[in-house]
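Asker: sequence isn't available, so here's the structure alone:
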Ligand SMILES: [Zn+2]
């Protein structure tokens with residue numbers, strides 16, 4: 001069999017790995033590459049294989065860097081099945097159209113620049129209708145329900161504990177009289193997640209394709225998150241200020257809602273209004289409610305005690321523009337969760353504009369911000385930042401909480417590797433910046449005799 005690394009090799013986005021076995025071509029993930037706008041478009045538009053020649057796609061989870069190029073793949077002639085868990089499919093049904101809207105916006109920006117340079121205009125990679133059509137090719141499988149998907153290839157999903165519906169991909173492969181098991185980790189969760197189960201550890205793995213996002217890096221302990229949030233909220237509310245939390249609409253927002261629910265119920269924070277102001281986050285929260293099969297025991301029991309983990313007294317979910325505007329005008333003290341997490345777009349910009357200059361308020365970051373984004377500038381305490389093209393003084397208090405990461409850190413990745421059974425005769429590290437993957441490779445070589453390599457973009461390996 002052969003494996004070609006078509007994305008997320010030497011970088012963390014654009015996850016795509018092409019497996020060829022017994023004459024079948026199976027693509028693992030079909031993510032969007034996310035970088036500088038212009039080369040991003042080129043790279044996403046031009047697949048390094050012909051989409052029409054693929055037999056199937058196996059999707060590990062709904063994050064756009066793993067799923068976001070699927071509508072384009074189908075638009076360019078892929079007609080086979082897209083295998084995913086039920087929750088992954090449901091999240092894709094809101095995230096792919098949202099991605100289409102973002103592309104349309106980005107292309108407008110790119111075309112302005114191209115016009116200035118006399119270059120021909122470009123089209124968005126796909127539109128909302130392409131996103132909807134691609135969803136019709138999904139075939140859903142629950143966790144641990146083996147299903148044959150190609151000649152000599154049986155697929156099982158096991159829980160990755162990373163986001164709702166996230167899976168590790170287990171492929172049991174027979175070539176002639178040789179049986180081998182290939183495991184693709186997808187993105188590996190940290191364990192002890194507020195909502196999800198810990199990653200399941202696979203057995204009898206011969207070939208491992210493993211993520212390495214946080215090789216050589218350690219996160220804060222997850223257990224300290226609740227105490228930190230409690231402190232930040234109480235200090236701000238005592239001053240009658242607002243806590244503004246820029247958060248990713250899927251997963252981080254629901255984790256926060258659950259933690260705030262717990263803190264409110266335990267009387268550790270006062271009962272103040274908590275607004276979730278993001279239509280995508282509101283839709284995602286509804287999807288979370290209908291997937292009990294994805295939750296850890298605590299949240300599962302919570303749900304079956306007929307209590308809604310994602311809805312409680314004081315929580316206001318805002319979809320409409322008029323309600324969002326009313327919230328902008330309000331002086332009431334409370335907590336506002338809004339997207340996007342990096343403050344690059346979305347309703348969070350209005351909340352920052354209205355609240356960033358008041359020292360009573362706190363801006364609380366609970367996720368990663370890429371360099372040079374507005375979120376990154378605020379995290380780095382710039383004195384002044386531009387919002388909607390106008391300068392604003394950063395007088396609000398800024399707090400950073402990094403323990404919510406959906407990705408395992410270095411020690412957690414080693415724990416995952418050690419717990420994964422089998423000979424692991426060949427290991428390729430994917431989904432990491434070069435120095436992160438290298439740091440993990442070195443640590444793995446010190447504890448394992450099998451061949452450990454860092455995958456290179458466009459490289460084909462045969463085994
Ligand atoms: Zn992910």
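Answerer: Everything's here; your move. Computed from a predicted model, the values in this text were never measured in an experiment.

Asker: leaving out sequence neighbours, find the closest residue to residue 107.
Answerer: Counting by C-beta to C-beta, 6 or more residues apart in numbering, residue 124 is the residue found nearest to residue 107 once chain neighbours are left out, at 4.6 Å. From N, CA and C alone the C-beta is placed, and that goes for glycine too.

Asker: against residue 15, how distant is the residue of the stretch 1-150 of the chain found nearest the ion?
Answerer: Using C-beta to the ion, residue 63 is the residue of the stretch 1-150 of the chain that sits closest to the ion, at 3.5 Å. Using C-beta to C-beta, to the nearest Å, residue 63 is found at 9 Å from residue 15.

Asker: contacts for stretch 267-277, please.
Answerer: With contact meaning C-beta atoms under 8 Å, 6 or more residues apart in numbering, stretch 267-277 is reached by 230, 233-234, 237, 253, 257, 260, 263-264, 282, 285, 313-318, 324, 327, 332-338, 347, 351.

Asker: give me the mean pLDDT for that stretch.
Answerer: The pLDDT scores in stretch 267-277 average 94.

Asker: same question, stretch 445-462
Answerer: Here the average pLDDT along stretch 445-462 is 96.

Asker: and the contacts of it?
Answerer: By C-beta under 8 Å, 6+ apart, the list of residues contacting stretch 445-462 reads 1-7, 9-11, 48, 209, 212, 414, 417-418, 423-430, 432, 434, 437-438, 441, 444.

Asker: same thing with stretch 171-185?
Answerer: With contact meaning C-beta under 8 Å, 6+ apart, stretch 171-185 is reached by 1, 17, 19, 21-22, 26, 28, 58, 60, 146, 152-156, 160, 168-170, 202, 204-211, 416, 420, 422.

Asker: beta-bridge partners for residue 175, please?
Answerer: Following DSSP bridges, residue 175 is listed with bridge partners residue 178.

Asker: three-state assignment of the closest residue to residue 384 other than its chain neighbours?
Answerer: Excluding the flanking residues, the one nearest residue 384 by C-beta to C-beta, 6+ apart is residue 391, at 5.2 Å. Here residue 391 is recorded as strand under DSSP: H, G, I helix; E, B strand; the rest coil.

Asker: who does residue 391 form a beta bridge with?
Answerer: Going by DSSP bridges, residue 391 forms beta bridges with residue 386.

Asker: any idea of the pLDDT on it?
Answerer: For residue 391, the predicted pLDDT is 96.

Asker: wait, what's in contact with the most centrally placed residue in the chain?
Answerer: Centrality entry for the chain: nearest residue to the mean C-alpha point is residue 63, 3.9 Å, by C-alpha atoms, centre = their mean. Contacts here follow C-beta under 8 Å, 6+ apart; on that basis residue 63 touches 31, 163, 187, 250.

Asker: Throw those residues into a markdown table and include secondary structure, neighbour count and pLDDT, thanks.
Answerer: Shown next, in a markdown table, are the contacts of residue 63 (DSSP: H, G, I helix; E, B strand; the rest coil; neighbours: other C-beta atoms under 10 Å; pLDDT from 0 to 100):
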| residue | secondary structure | neighbour count | pLDDT |
| --- | --- | --- | --- |
| 31 | coil | 26 | 97 |
| 163 | coil | 28 | 96 |
| 187 | coil | 27 | 97 |
| 250 | coil | 26 | 92 |
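
Asker: so which of those residues reach the ion?
Answerer: residue 187 (C-beta under 5 Å from the ion).

Asker: in a helix, residue 326, correct?
Answerer: Yes - counting by three-state DSSP, residue 326 is part of a helix.

Asker: for the residue nearest to residue 107, the count of nearby residues, please.
Answerer: For residue 124, the tally of surrounding residues (other C-beta atoms under 10 Å) stands at 21.

Asker: give me the residues contacting the strand or helix carrying residue 417.
Answerer: Taking DSSP states H and E as the definition, one finds residue 417 inside helix 410-419. With C-beta under 8 Å, 6+ apart as the contact definition, helix 410-419 has outside contacts at 185, 188, 190-191, 199, 201, 208, 210-212, 214-218, 408, 439-440, 443-444, 447-448.

Asker: ok, now with 6 Å
Answerer: 188, 190, 201, 214-218, 408 (C-beta atoms under 6 Å, 6 or more residues apart in numbering).

Asker: what would these look like in CSV with pLDDT, distance to the ion and secondary structure?
Answerer: Below are these laid out as CSV (pLDDT from 0 to 100; distance: C-beta to the ion, whole Å; DSSP: H, G, I helix; E, B strand; the rest coil):
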residue, pLDDT, distance to the ion, secondary structure
188, 97, 9, coil
190, 93, 12, coil
201, 98, 19, coil
214, 94, 12, coil
215, 96, 16, coil
216, 95, 19, coil
217, 93, 16, coil
218, 92, 19, coil
408, 95, 11, coil
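
Asker: mind putting those into a markdown table with distance to residue 462?
Answerer: Conversion of the contacts of helix 410-419 to a markdown table gives the following (distance: C-beta to C-beta, whole Å):
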| residue | distance to residue 462 |
| --- | --- |
| 188 | 26 |
| 190 | 34 |
| 201 | 28 |
| 214 | 30 |
| 215 | 25 |
| 216 | 29 |
| 217 | 32 |
| 218 | 36 |
| 408 | 29 |
